[in-house]
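A.B. asks: what shape does this take:
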Amino acid sequence: MLQNIESSPYFLAAAISSLLLVSGFSAELQAAPITFQPKVDYATGSNPIYISAADVNHDGKADLATANIGASTVSVLLGSGTGTFLPKTDYTAGANTNAVIMGDVNRDGKPDLVTANFVDNTVSVLIGNGDGTFQPKVDYSTGSGPYSAALGDVNRDGKPDLAVVNSGSNSVSILLGTGTGTFKPKVDYIAGSFPQSVVAADVNRDGKPDLVTANYSSNTVSVLLGKGNGTFNFKVDYITGASPFVVTVGDVNRDGKPDLATPNANADTVSVLLGNGNGTFKSKLDYITGTSPYSAAIADIDRDGKPDLVVSNGVSNTVSVLAGKGNGVFLAKTDYATGGNPGSLSVADVNNDGRLDVLTSNLSDSTLSVLINTTP
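C.D. replies: Presented below is the predicted three-dimensional model:
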């Protein structure tokens, strides 16, 4: 007896598959959309320009710190573990505190704070007590107009070192750490014009930390390959969009090679530069963001195993989320409201539900915004 081929389960499966392909549907595009609860704002010091997240009091709950350029302070907000935060406690930093990073600079297991102080030409180190409080600052000289900083073990001696990007002197200052929370005098390396951001990462996979800077006025990123002894080779520049504010590193196409992303404040785009794995990068691909993007992060927001892009937009008062396809390509942005003039963002799981939430420092509101991730 002949079987009607059109009623065969194999025929039906093939037909449905073909219809989905012709219609432009796929399992990837049918994934649940990324969603967030409406923002909740918390008061900070005056004009917070930078935000970081870490567990500063060892209770397993994410805490927040903002650098307040208008008050020359750092605000610390302890987390409850449910996505809410206690009122701020302020600590004095240097003049025009432009950035704050968290790390254990004295290797005692307690997170410390480091700030970049634009007017003082210093970094301030505030040693953590392990209970969410911090000791008074100790300052170290940098180049002119330090804008941001990064921690990394650039000479591979097991002691955290500092890299500070100096927008006034177009340089990166390296301050080697002693492992006790103190740092040696700076050594400077040339960067691009008016650098705003620096990251320490092994972009050529040789086990030696390298430096990457975002250069606002030259529309480039500079890559300084590390020698592994705390010194660096001369910079190599790669073109970005107009006025890159921040550079972030991640493997956006999952090939094991570090890639770069920069939000471009005067282009309303984010540039993605795929890495070749040897410290060089392909030409940029640009994606549309909100107005005046200032900061960016590479993170898997929807937990599909594919890195996404999150960008803060300083003029449109939003964050843009661009879902990643896992091959270095991103879908069009979806925007979410923040406070006024979000200058910086961070991602962290602040309510311990396994999802990465988004945090922004809002320059004009003197607040930070918490956007809880509700993506299924």
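A.B. asks: where does pLDDT dip in the protein?
C.D. replies: For the chain, residues meeting the criterion pLDDT under 70 lie at 1-31.
A.B. asks: how about 50 then?
C.D. replies: Flagging of the chain using pLDDT under 50 yields the residue ranges 1-30.
A.B. asks: what about the helices in it?
C.D. replies: Per DSSP state H, the chain carries helices over the ranges 9-23.
A.B. asks: name the residue closest to the centre of it, please.
C.D. replies: residue 297 (4.1 Å; CA atoms, centre = their mean).
A.B. asks: quick one: contacts for it?
C.D. replies: 248, 309-310, 345-347 (CB atoms under 8 Å, 6 or more residues apart in numbering). Every residue, glycine included, has its C-beta placed from N, CA and C.
A.B. asks: filter those to the buried ones?
C.D. replies: When the contacts of residue 297 are checked for burial by 16 or more other CB atoms under 10 Å, the buried set is 248, 309-310, 345-347.
A.B. asks: measure the residue nearest to the centre of the chain to residue 311 for me?
C.D. replies: Per CB to CB, to the nearest Å, residue 297 is found 8 Å from residue 311.
A.B. asks: residue 239 too?
C.D. replies: In terms of CB to CB, residue 239 sits 19 Å off from residue 311.
A.B. asks: neighbour-wise, which of those two wins?
C.D. replies: residue 311 (30 against 14; other CB atoms under 10 Å).
A.B. asks: quick one, what contacts the more buried one?
C.D. replies: 263, 270, 289-290, 293, 295-296, 319-322, 333, 345.
A.B. asks: among the residues you listed, which one sits closest to residue 64?
C.D. replies: residue 345 (11.7 Å; CB to CB).
A.B. asks: and the closest one, bridged to which residues?
C.D. replies: For residue 345, the beta-bridge partners are residue 360 (DSSP bridges).
A.B. asks: quick one: it and residue 359 touch, right?
C.D. replies: Yes - using CB atoms under 8 Å, residue 345 is in contact with residue 359, at 6.4 Å.
A.B. asks: identify the contacts common to the two.
C.D. replies: Shared contacts of residue 345 and residue 359, counting by CB under 8 Å, 6+ apart, come down to residue 51.
A.B. asks: got a list of what the closest residue to residue 353 other than its chain neighbours touches?
C.D. replies: Nearest residue to residue 353 in three dimensions, chain neighbours excluded: residue 373, at 7.9 Å (CB to CB, 6 or more residues apart in numbering). With contact taken as CB under 8 Å, 6+ apart, residue 373 is in contact with 34-36, 301, 353, 355-358.
A.B. asks: go on, residue 156?
C.D. replies: Per CB under 8 Å, 6+ apart, neighbours of residue 156: 207-209, 228-229.
A.B. asks: if you look at the residues you listed, which of them are in strands?
C.D. replies: In strands, defined here by DSSP state E, there are no members of those.
A.B. asks: okay, among those residues, which ones form the most distant pair?
C.D. replies: Most distant of these, by CB to CB, are 207 and 229, 12.4 Å apart.
A.B. asks: filter the contacts of residue 373 to the buried ones?
C.D. replies: Neighbour counting by 16+ other CB under 10 Å classes 34, 36, 301, 355-358 among the contacts of residue 373 as buried.
A.B. asks: noted, bye for now.
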